[in-house]
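*Asks:* just a sequence and a predicted model for now, questions to come.
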Amino acid sequence: MSHVQLQRSMEDIRLEIMFLAAEVLFLVSVLGAIILFNLDLYSQSRKLTLSAESISQNNASQTDSERLVSGFAFRESCV
């Protein structure tokens with residue numbers, strides 16, 4: 001193997017390594033984007049769940065308050 005052939009094969013190896021590094025970087029960035037997108041969806045879903053739970057708790061406490069008020073009004077009317 002001559003010096004020129006060895007130098008060309010070394011350049012080819014360097015190019016292959018650079019292409020592989022670029023592919024790995026691209027795949028890692030795509031994977032990161034997918035993970036961030038899923039985290040954003042999870043966060044939005046969690047916010048909606050907490051909001052729905054808060055609304056149902058508020059409705060339940062309002063119902064309890066209405067019961068107390070109507071019970072008080074009933075007692076007032078009986079007197």
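*Replies:* Good, I have the coordinates. Numbering: from 1, shown residues only.

*Asks:* got the buried residues for stretch 31-38?
*Replies:* Within stretch 31-38, not a single residue qualifies as buried, counting by 16 or more other Cβ atoms under 10 Å. C-beta here means a position set from N, CA and C on the backbone, and glycine is covered the same way.

*Asks:* give me the mean pLDDT for that stretch.
*Replies:* The pLDDT scores in stretch 31-38 average 97.

*Asks:* kindly report the same for stretch 54-74.
*Replies:* 65.

*Asks:* burial of residue 8, as a residue count?
*Replies:* 11 (other Cβ atoms under 10 Å).

*Asks:* please disregard the earlier target; I meant residue 16.
*Replies:* Residue 16 has 10 nearby residues by other Cβ under 10 Å.

*Asks:* in which helix or strand would I find it?
*Replies:* Using DSSP states H and E, residue 16 sits in helix 3-78.

*Asks:* quick one: distance of that helix to the chain centre.
*Replies:* Averaging C-alpha coordinates over helix 3-78 and over its chain gives two centres that are 1 Å apart (Cα atoms, centre = their mean, to the nearest Å).

*Asks:* which strands and helices lie in contact with that helix?
*Replies:* The elements that helix 3-78 packs onto, with contact taken as 3 or more Cβ pairs under 8 Å, 6 or more residues apart in numbering; DSSP states H and E, do not include any helix or strand.
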